[in-house]
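Asker: fold the following.
(2 chains)
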Amino acid sequence: MTTATTDPIPAEALKLGSGAQKYMLGFLVLGAGALGVAALLVPFEHFIRSYVTGFAFALSLSLGALFFVILQHLTRSGWSVTVRRLAEVMAGAVLPLALLYIPVILGMQALYPWAGEGSGDFSAGKQAWLSPTFVIVRAGICFGTWILLSRFYLRNSTRQDESGDVDLSRRMQKFSPVAMILYAITVTLFSFDLLMSLDPHWFSTIYGVYYFSGALLSFFAFVILMVFFLKRSGRLAHAVTVEHYHDLGKQLFGYIVFWAYIAFSQYMLIWYANIPEETQWYLLRQQGGWEDFGMLLLIGHFLLPFLILLPRGMKRKPGVLAAISFWVLLMHMIDLHWLIAPVGHGGASHAYFGLTEILCVAGLTALFLAAIVFKLSGVSLIPSKDPRLPESLAFTNH
Amino acid sequence: MSTIAMDSSSSDRGADNTIEAPGERAPLVLGKHDYGTVTDTICGIAEKAEVPKAWKIAFVASGMAMAVLFAMIGYLFLEGVGVWGVNKPAGWGFAIVNFVFWVGIGHAGTLISAILFLFRQKWRTSINRFAEAMTIFAVMCAGILPAIHVGSVWVIYWVFPYPNQMAMWPNFRSPLLWDVFAVSTYATVSMLFWYMGMIPDLASLRDRAKGRIQRIAYGLASLGWRGSQRHWHRYEVAYMLLAALAAPLVLSVHSVVSFDFAVSQLPGWHTTIFPPYFVVGAVFSGFAMVLMLLLPVRNWFGMKDFITAKHLDNIAKVILVTGSIVGYAYSIELFIAWYSGNHYEVFAFVNRALGPYAFAYWIMVSCNVLAPQLLWSKKIRSNLKALFMIAVLVNVGMWFERYVIVITSLSRDFLPSSWGTYSPTWVDILTLVGSFGLFLHLFLLFVRYMPMMAMAEVKAVMHDTGLVQPKPANAEKAEIATAGVENPAGALLEFTDPDAMREAAGKVRDAGYENWDAYSPFPVHGLDRKMGIKRTKLPFVVFVGGATGLLAGTLLQYATNAVDYPFVTSGKPLSSIPAWIPVSFELTVLLAAFGAFLGMLAMNGLPRFWHPTFTSKRFARVTNDRFFIGINADDPKFDKKQTVTFLAGLGGTHVELLEGE
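Answerer: Numbers count the residues shown, from 1 in each chain, chains lettered A, B, ... in the order given. Sure, this is the predicted structure:
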């Protein structure tokens, strides 16, 4: 069953090494610069809306990673050990994202009708629910939960690197069901607050799952790219093999289909029932050029990656996988833009997408990467003493 | 492998293999089993003349209940749908509640077979066959109910698109027609999956059969399967592809069922989370039904070594997870009803909790959300009686969930003038009872006469996880029995250990033989590479099948609904691409699945009922616990003496020549 080598992995292949500092600073400057240019380029109202796109993008990567980490412990998974550290660090990078939420608070009035004058048409209960104070409190609870959860997993996992204590695995496993429940509640609430309430009259019960599906698929795309670049620089050696690529590719493929399923479910039900208060949301996105974005999503976010990743061989070619992953991340950005942009500042009448959006997404992703490099530079690139590591190293697809 | 004691007699549950230290994997088969005892245990059930008394009682009782079902259907045909409690406004009564309930039950089988397979959950092998069978019987029960609901049941074939003198076509924009395609595709693919998985096990029964009739019946059903490694290779790829097709299929079926409700505008029906929520609820109830049936069957037929504490624990955990997701969906529905600020939405949910059908709502909540929470406790997960009770409660709760959805929403329309009440008649209730009879009766027949556990798969897991210790080779040279064969069709070398055979296969290949094969009771992983078997082209066949289905399905809908019979219904355009997606999808999966199954058979040259290997008496154990390498006489290198000597030195136990024609 085992064909993988049992040679020890060279120590330098499991560290970022001395160049990390440089990369971190580079990403920081790049991120801050991109956001600064974007802020100067366009009026605040436009900038802050694009900022939300970038923010939702970076956050989805981190949240996808957190789900992955919890799930691996919940299911006592063996194959994924060698890529779990990367996910743990991505999840851990939610801390700076909490600080990057502050601009959203500052821009609340420009973004959300309920924060400005538009809140009058709601019932008293909904007014209270969507009052800036309560929304900020909820955001605080959500970020607090994610920070605690991700720290718990990263800390216990890195402690195991030193001690090799099996009990740490038991502990992470034991906490995983509760972590999963907290995760489900917070992600749902936060996606309602951050994105769905951009149009506070509109509602969809599947919305939380929709954001979650995008988070997962972008996480897998991102982690594939991370592995790809780390391996190109000679790191990870045979800790991550073509078999792991294959599995990550299968997961990416699966979540592309899952996203399509959720997106179709939402569209189909609203399109078919044709109730004005719901349909207006899609109607807005089917005119003024936004319909082209919808078409692009159908083809680029689903059909194209689906057909390319369908044959087995494609999932075993790192180059192809990395290219597709990059494309999927682009499409995820378009998806978020299509969710966020059409309601605000003239977006309703004509579609737009340009430099500001790209700068915001790139800027926030660069800051997110800086946090990842920072966290990763102090630790091993894989959980080097995880009791299931041998299983992961020996793993092959039949 | 593990430090856990393998003593299965210690308690009612068997040994506790639910605890596994991180980095170790607890054994999935307990007791002192090898490949042979697995065959003996599972085949023994189908072969034994005696059956447990409890089985007989259940068989008679379910048979009587089934008779009641047919009587009720007959009465319905004579009298019409008026014998049911359906009325205006509650035009969908028990029949639809039961339909959704049974389709839901039918989801566990394919979930266990397909999705757990894709996630490499090895514990599925002890229960998948069983759950697949359950799926098929549940889908049968489900299919009957909407069919007899249409009123004019003798023209039920009108739901299928066929050229007719009325020059009408079915309305493909209607979710009820999507159901026809979804449920029938699901039934067909599930049956293929079930049957394909069973072929090697039916061959085991064939090779052990004492009576002529059994031998012929099992022989025909097993299509001449002989455990060839070249066959196994395509078989495993086909199985994987079927799993990959069945996974989205299983999601689609209950999604389509949810569309029946959710595409409407009725509060409580129209909500976007319905598709995934229905799917999870279906899995939830399906697993509960698996558990409910598994516990007694495990007891009756002495299956504790195979259906171990770990299996039950895992099932209980799946129930807990899916029950909690169902709870999530209930909460989101409630929250959004409030958040929407829509009075009708708010009313629908207040009415559910406090209105005339509040009893159903609270049964649903307590059975579906609260009862499974008990499964957090390890103590309860390891208490068989408690598990059984919770499984029953979940099934009750899930039935009431459908009751709540169908009845409360229909009986409270937008205007109070169209409000009404619904109560079932005695015919409704007896039909429900009868459907359980049909389900259980078929199920009991299955566990009695068919291989109820996937023996080949269990053996493969035992081999892959190192549960069967290799027997030390007792001789340098194999025993040679070649006397009396003048004109051989080939030579056959027997092994007792699959790993020894794998090593030997490499040597046969290196020696330059071309026309040869290895035979085994289960796929021996790593053997393909040793033998130099090229990866099969079967995926391409499946792709072509799927593409054909997609194209044909879309064209069919376009030609019938947009061109030949243009008729606007429910304000949908004639070319309604979103509304065509369900049927196109189902036909894609259907034809791709046919491609996988038939392609596998065709490439393997099956059915083939005669093969030289069958002349060997010893070869009968190839579907049990023996492994063979066979070199055909038409191989250019074949030489009676040399080949036999060569084979004898490969570490096997016995060499023989196969009788030629």
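Asker: closest point of chain A to chain B, which residue?
Answerer: Proximity of chain A to chain B (C-beta to the nearest C-beta) peaks at A:Pro387, 2.9 Å away. Every C-beta, even on glycine, is put in place using the N, C-alpha and C of the backbone.
Asker: skipping its backbone neighbours, what lies nearest that residue in space?
Answerer: What sits nearest to A:Pro387 in space, not counting adjacent residues and going by C-beta to C-beta, 6 or more residues apart in numbering or on different chains, is B:Gly23, at 2.9 Å.
Asker: got phi/psi on the one you found?
Answerer: Main-chain torsions, B:Gly23, degrees, to the nearest 10: phi 100, psi -10.
Asker: pLDDT score for it?
Answerer: In this model, B:Gly23 is scored at 82, pLDDT.
Asker: go on, A:Leu95?
Answerer: The model reports A:Leu95 with a pLDDT of 94.
Asker: for it, what are its contacts?
Answerer: Residues near A:Leu95 by C-beta atoms under 8 Å, 6 or more residues apart in numbering or on different chains: A:147, A:150, A:371.
Asker: for the stretch 501-650 of chain B, what spans make up the strands?
Answerer: For the stretch 501-650 of chain B, the strands defined by DSSP state E, counting those that start in this stretch occupy B:516-519, B:627-632.
Asker: and among the ones you listed, the most buried is which?
Answerer: Stretch with highest mean neighbour count among the strands of the stretch 501-650 of chain B: strand B:627-632 (a mean of 25; mean count of other C-beta atoms under 10 Å in any protein chain shown).
Asker: which residues outside that strand are in contact with it?
Answerer: For strand B:627-632, using C-beta under 8 Å, 6+ apart, the contacting residues are B:489-498, B:500-501, B:504-505, B:508, B:513, B:515-521, B:524, B:612-613, B:619, B:622, B:638, B:643, B:647, B:650, B:652, B:658.
Asker: what does stretch B:17-29 give?
Answerer: With C-beta under 8 Å, 6+ apart as the criterion, stretch B:17-29 contacts A:76, A:166, A:169-170, A:173, A:386-388, A:390-391, B:1-4, B:6, B:30, B:38, B:122-123, B:125-126, B:305-306, B:308-311, B:313, B:378, B:381-382, B:458, B:461-462, B:465, B:467.
Asker: low-confidence ranges, the chain, go.
Answerer: Assuming you mean chain A. Counting by pLDDT under 70, the ranges of chain A that qualify are A:1-7, A:117-120, A:344-348, A:398.
Asker: switch to chain B, please.
Answerer: Ranges of chain B meeting pLDDT under 70: B:1-15, B:471-476, B:661.
Asker: show me what residue of it gets nearest to chain A.
Answerer: Closest contact between chain B and chain A, by C-beta to the nearest C-beta, is at B:Gly23 (2.9 Å).
Asker: for the residue nearest the centre of chain B, list the residues it contacts.
Answerer: Closest to where the C-alpha atoms of chain B average out (C-alpha atoms, centre = their mean) is B:Glu132, at 2.5 Å. For B:Glu132, the contact set (C-beta under 8 Å, 6+ apart) comprises B:109-110, B:112-113, B:190, B:193-194, B:197.
Asker: which one among those gets closest to B:Thr322?
Answerer: B:Ile112 (12.6 Å; C-beta to C-beta).
Asker: that closest one is in contact with B:Thr125, isn't it?
Answerer: No - B:Ile112 lies out of contact with B:Thr125 (C-beta atoms under 8 Å); the separation is 9.7 Å.
Asker: nearest to B:Gly545 among the contacts of A:Leu95?
Answerer: A:Ser150 (44.6 Å).
Asker: which helix or strand contains that closest one?
Answerer: helix A:132-163 (DSSP states H and E).
Asker: got the buried residues for that helix?
Answerer: Buried positions in helix A:132-163, judged by neighbour count with 16 or more other C-beta atoms under 10 Å in any protein chain shown: A:135-136, A:138-139, A:142-143, A:145-147, A:149-150, A:152-154, A:156-158, A:160-161.
Asker: residues in the stretch 101-250 of chain A within reach of chain B, list them.
Answerer: A:122-123, A:125-126, A:129, A:166, A:169-170, A:173, A:177, A:181, A:184, A:188, A:192, A:203-209 (C-beta under 8 Å from any C-beta of the partner chain).
Asker: just the buried subset of those, please.
Answerer: A:122, A:126, A:129, A:166, A:169, A:177, A:184, A:188, A:192, A:203-209.
Asker: mind picking the two most distant members of the residues you listed?
Answerer: A:Phe122 and A:Val166 (53.1 Å).
Asker: tell me the SS of the closest residue to B:Ser418 other than its chain neighbours?
Answerer: In space, and not counting its chain neighbours, B:Ser418 is closest to B:Pro89: 5.3 Å by C-beta to C-beta, 6+ apart. Here B:Pro89 is coil, with the state taken from DSSP: H, G, I helix; E, B strand; the rest coil.
Asker: what number of residues lie near B:Pro89?
Answerer: B:Pro89 sits with 15 neighbouring residues when counted by other C-beta atoms under 10 Å in any protein chain shown.
Asker: what strand or helix carries B:Ile480?
Answerer: Assigned by DSSP H and E, B:Ile480 falls in strand B:479-481.
Asker: which residues does the helix or strand following that strand contact?
Answerer: Towards the C-terminus, the helix or strand next in line after strand B:479-481, according to DSSP H and E, is strand B:490-495. With C-beta under 8 Å, 6+ apart as the contact definition, strand B:490-495 has outside contacts at B:478, B:482, B:501, B:504, B:612-613, B:616, B:618-619, B:626-633, B:638, B:640, B:643-644, B:647-648, B:650-658.
Asker: many thanks, we can stop here.
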